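Asker: quick one, what's the 3D model for this:
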Amino acid sequence: MTDGSHSKTIGYILWIFGFTGSHRFYYGKPISGTIYFFTLGLLGIGWIVDLFLIPSMDREADLRFREGKVDYNIAWILLTFIGIFGIHKFYMGKLIIGIVYLLTGGIFLVGIVYDFWTLNDQIHIINSSK
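Answerer: Sure thing, here's the model as predicted:
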């Protein structure tokens, strides 16, 4: 599916929802992702510019994050679209917190926000062990 840890295809799919900053979070840019979230993609201008920046963000993410048993793309799709149920946590092998997310709506959405900020690093740590 990819030549590295992240995929341009997934990046562009998340870019469609770019006014939320989801593609920026995916590529490991949580600060600009948060800014995009609160400014609707810098009022749409940054969102359009990112259409052309995704290839370079993809290359940077591929260099920064390690591939392994947990696929970044699958985890990000699960978090983005059904994260409230904790399915991404189950996928990563974190069963207890997955159950907690399932029973609490992603710990009342605060856990979801935390995961948008840290999912790449969480996966990198899992993939770096063993």
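
Asker: domains for this structure, by residue range?
Answerer: Split into domains by automatic domain parsing, the chain comes to 8-64, 72-128.

Asker: measure the residue nearest in space to the middle of the chain to residue 123 for me?
Answerer: The C-alpha lying nearest the average C-alpha coordinate of the chain belongs to residue 26 (Cα atoms, centre = their mean; 3.4 Å). For residue 26, the distance to residue 123 (Cβ to Cβ, to the nearest Å) stands at 11 Å. C-betas here are computed from N, CA, C, even on glycine.

Asker: what touches both of the two?
Answerer: residue 72 (Cβ atoms under 8 Å, 6 or more residues apart in numbering).

Asker: and the average pLDDT for stretch 95-114 is what?
Answerer: If you average the pLDDT over stretch 95-114, you get 96.

Asker: give the buried residues for that stretch.
Answerer: Neighbour counts using 16 or more other Cβ atoms under 10 Å place 98, 101, 106-107, 111-113 of stretch 95-114 among the buried residues.

Asker: and the helices in this protein, which stretches?
Answerer: Residue ranges of the helices in the chain, as given by DSSP state H, are 8-15, 22-26, 30-43, 45-64, 72-82, 87-91, 95-108, 110-128.
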